[in-house]
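Undergrad: Show me how the following folds:
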Amino acid sequence: MQFNNACGPYKGGIRFHPNADEDEVSALAAMMAVKCAVVGIPFGGAKGGVAVDSKKLSRKEIFELSRAYVRAFAEHLGPDTDIPAPDVYTTPEIMAVMLDEYERITGKSLPAMITGKPLAIGGSAGRDTATADGAIAVLVALLEDRSLDASKLSVAVQGVGNAGAQAARLLQAKGAKIIALADSKGTLMKEDGLDVAAVLTTKELSGSVLDAVYNGAHAAAASAVITAAADILVPAALEEQITGANADTVKAGVILEIANGPVTPEADEHLAARAVTVIPDVLANAGGVTVSYFEWIQNRTGERWNRATVEAKLKETMGSAYREVADFATDRGVTFRQAAYALALTRIIDAMKARGRV
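TA: Prediction:
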């Protein structure tokens, strides 16, 4: 689904999920356009989806499906047209297969037609942790704005997948106290702070953070992370976790949306009324597409950037985007979410006007 390309080529992930449908993919394509515009990278918004339970497919069958997808849409894809990336249940390995099929069809070497690839065929250093790295860069900018010391703050993280786990590591490295880590089975809590590395190791070995109970840590319901007595709440799992029904029980003063859509519109109203700052997903988790942009640049120019270079450029991009959103919010007296969407839509509309489309 291609939403808008006024700011640049269409950009968005491809998901393999049994519940993927046109409505979902259309909404996600629009969000991608907004996300790219918020951080000021020259891409539009798109999304792809295949309604399939990939867990029931063999590796060979997944590869065959990936090649069939590219054959079906090849004329609509390309480095200057529509640049896919991994999404739910798609991986760098799948991106590599899709690239191979596209290059077989075109007869050309075109690594920039897809991002999120393995390093061996043009992927970018830093892509594996980009979402969390970008989110923490934004959070650090907010804390600096408010003269808050991370080492004096407590954090609760919902979701210990790639992004949530990396966010917890980074925040603990900055001295923050991680008092709650949650997965789908429950929440592990410790008032004086968890040993993040130990908990994540146990999770990897046994399948749940709840198996890491030790020295005063205790297990609680999965929903307990939302109401944890933390300064910062990081929802990094599923959508619609903070709703009108539980928003008033949130104790955190700052919510960093690493997941897509974890706070509902009704909850947003409740949180705003209580002066809880929500750093919206379209800003907070834009680190992934930003490093995808860096990968695209490297593929186009033949350059290879090391991780330190990527991280420095990501920090600069996310910090600049935060500054623009924060200033807009302050000047207009609106929430960060309202500011982010207003800035993004203005940029998209300006690009459409410049092209004579409106």
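
Undergrad: quick one, what contacts the closest residue to Lys251 other than its chain neighbours?
TA: Excluding the flanking residues, the one nearest Lys251 by C-beta to C-beta, 6 or more residues apart in numbering is Ala229, at 5.0 Å. Heads up, the C-betas are built off the backbone N, CA and C, glycines and all. By C-beta atoms under 8 Å, 6 or more residues apart in numbering, the residues touching Ala229 are 154, 179, 251.

Undergrad: try 10 Å this time
TA: 154, 156, 179-180, 189, 191, 251-252 (C-beta atoms under 10 Å, 6 or more residues apart in numbering).

Undergrad: contacting residues for Leu148?
TA: Per C-beta under 10 Å, 6+ apart, neighbours of Leu148: 140, 142, 231-232, 253-254.

Undergrad: Among these, which one has the most neighbours?
TA: Within those, most neighbours by other C-beta atoms under 10 Å means Ile232, with 25 neighbours.

Undergrad: re earlier: any of the contacts of Ala229 buried? List them.
TA: Among the contacts of Ala229, those classed as buried by 16 or more other C-beta atoms under 10 Å are 154, 156, 179-180, 189, 252.

Undergrad: What helix or strand is Gln166 located in?
TA: helix 162-173 (DSSP states H and E).

Undergrad: Could you pull up the mean pLDDT of the very next helix or strand once past that helix?
TA: Next along the chain after helix 162-173, taking DSSP H and E as the criterion, comes strand 177-183. Regarding strand 177-183, the rounded mean pLDDT is 97.

Undergrad: Can you classify the residue nearest to Lys251 by secondary structure?
TA: coil (DSSP: H, G, I helix; E, B strand; the rest coil).

Undergrad: Quick check: it vs Ala150, distance?
TA: Distance of Ala229 to Ala150, given as C-beta to C-beta, to the nearest Å: 17 Å.

Undergrad: I'd like the buried ones among the contacts of Ala229 as JSON lines, with distance to Ala72 appended.
TA: What follows is the buried ones among the contacts of Ala229, written out as JSON lines (distance: C-beta to C-beta, whole Å):
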{"residue": "Ser154", "distance to Ala72": "49"}
{"residue": "Ala156", "distance to Ala72": "43"}
{"residue": "Ile179", "distance to Ala72": "48"}
{"residue": "Ala180", "distance to Ala72": "44"}
{"residue": "Met189", "distance to Ala72": "48"}
{"residue": "Ala252", "distance to Ala72": "44"}
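
Undergrad: now, which of the residues you listed sits nearest Asp327?
TA: Proximity of the buried ones among the contacts of Ala229 to Asp327 (C-beta to C-beta) peaks at Ala252, which lies at 23.5 Å.

Undergrad: What are the neighbouring residues in contact with that closest one?
TA: Going by C-beta under 10 Å, 6+ apart, Ala252 touches 153-156, 226-234, 242, 271, 276-278.

Undergrad: Can you say which of those are buried?
TA: Buried members of these, scored by 16+ other C-beta under 10 Å, are 153-156, 226-228, 230-234, 242, 271, 276-278.

Undergrad: In helices, which of those residues appear?
TA: Counting by DSSP state H, the part of those found in helices is Leu271.

Undergrad: can you give me how far stretch 342-358 is from the chain middle?
TA: Relative to its parent chain, stretch 342-358 has a centroid offset of 24 Å by C-alpha atoms, centre = their mean, to the nearest Å.

Undergrad: Show me what it is in contact with.
TA: Looking at what lies outside stretch 342-358 - C-beta under 10 Å, 6+ apart - the contacts are 3-8, 31, 33-40, 42, 44-45, 282-283, 321, 324-325, 327-329, 332, 334.

Undergrad: cutoff 6 Å now
TA: 6-7, 34, 37-38, 328 (C-beta atoms under 6 Å, 6 or more residues apart in numbering).

Undergrad: The closest residue to Ile258 other than its chain neighbours: what's it in contact with?
TA: Spatial nearest neighbour of Ile258, excluding adjacent residues (C-beta to C-beta, 6+ apart): Ala236 at 3.8 Å. Contacts for Ala236 (C-beta under 6 Å, 6+ apart) come out as 159, 163-164, 258-259.

Undergrad: do you know how far Ala236 is from Glu61?
TA: 30 Å.

Undergrad: if you look at the buried ones among the contacts of Ala252, which of them are in strands?
TA: 154-156, 232-234, 277-278 (DSSP state E).

Undergrad: What segments of the protein are strands?
TA: Counting by DSSP E, the chain has these strands, from start to end: 2-4, 10-16, 45-46, 48-50, 82-86, 154-158, 177-183, 186-189, 218-220, 232-235, 254-256, 277-279.

Undergrad: how about TSV for those strands, with distance to Val199 added?
TA: As requested, the strands of the chain are exported to TSV (distance: least, C-beta to C-beta, whole Å):
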stretch	distance to Val199
strand 2-4	39
strand 10-16	29
strand 45-46	36
strand 48-50	33
strand 82-86	26
strand 154-158	10
strand 177-183	6
strand 186-189	6
strand 218-220	12
strand 232-235	15
strand 254-256	19
strand 277-279	24
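
Undergrad: so which of those gets nearest Thr301?
TA: Per C-beta to C-beta, nearest to Thr301 of those: strand 82-86, 15.3 Å.

Undergrad: Check the offset of that closest one from the chain's centre.
TA: 15 Å.

Undergrad: average pLDDT for that strand?
TA: 97.
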